[in-house]
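# return a 3D structure for these sequence lines:
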Amino acid sequence: MLTDGSDLRLTETDAEGDAGRARGRSVLAGAFALLEVLADAEAELGLTEVARRAGLPKSTSHRLLEQLCGMGAVEHRIRGYGVGPMFGRLCEGRGRTHAWIRAAVGRPAVRLAKLTRTDVVVGVLSGS
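Just a heads-up that it's a prediction; the model follows:
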């Protein structure tokens, strides 16, 4: 429980709806689930669809989406919700990481390509 009286955990009921045997899900996990759904969407999504895809209750989704809108991570548009400008700024850090990798492998990759007379490609894995 936070000092303002709000709880840090959301609960998800099991298939039978037994709240007594509910699994906990952090608020942060719920917010990121919503962001992931919106990032993967080809167009804006309505509240019901965002909640369904994220596996969250509609009321929880609405509350989190409005908080994310207040931060600029999500935008409430005419046809639904979409990622906001903060989302893009957060992703810029990833580009800096890739720039460091390009700088580290640039000369060796060019040298290898010249010596072997082949194309050289450097791939960076994302995730596990």
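# switch to C-alpha atoms for all contacts and neighbour counts from now on
Noted.
# do a quick rundown of the strands in this protein.
Assigned by DSSP state E, the strands in the chain fall at 9-12, 23-26, 74-77, 80-83.
# mind telling me which of the ones you listed the model trusts least?
Least confident of the strands of the chain, judged by mean pLDDT, is strand 9-12 with a mean of 43.
# gap between the biggest helix by length in the chain and the chain center?
Counting by DSSP state H, the longest helix found in the chain is helix 85-116. With Cα atoms, centre = their mean, to the nearest Å as the basis, helix 85-116 stands 22 Å off its chain's centre.
# mind checking how far the residue sitting furthest away from the middle of the chain is from P108?
If you look at how far each residue of the chain sits from its centre, by Cα atoms, centre = their mean, the farthest one is L115, at 41.7 Å. Distance of L115 to P108, given as Cα to Cα, to the nearest Å: 10 Å.
# gap between the residue farthest from the centre of the chain and H98?
From L115 to H98 the distance is 25 Å (Cα to Cα).
# what do you get for R117?
Look at R117 and H98: by Cα to Cα, they are 25 Å apart.
# mind checking which of those two has more residues around it?
Using other Cα atoms under 10 Å, the more surrounded residue of R117 and H98 is H98, with 12 against 9.
# how confident was the prediction at that one?
Per-residue pLDDT puts H98 at 71.
# next: L34.
95.
# domains of the protein?
Following the assignment in automatic domain parsing, the chain carries domains at 9-83, 85-120.
# middle-most residue in this protein, spatially?
Nearest to the mean C-alpha position of the chain, counting by Cα atoms, centre = their mean, stands E36 at 3.7 Å.
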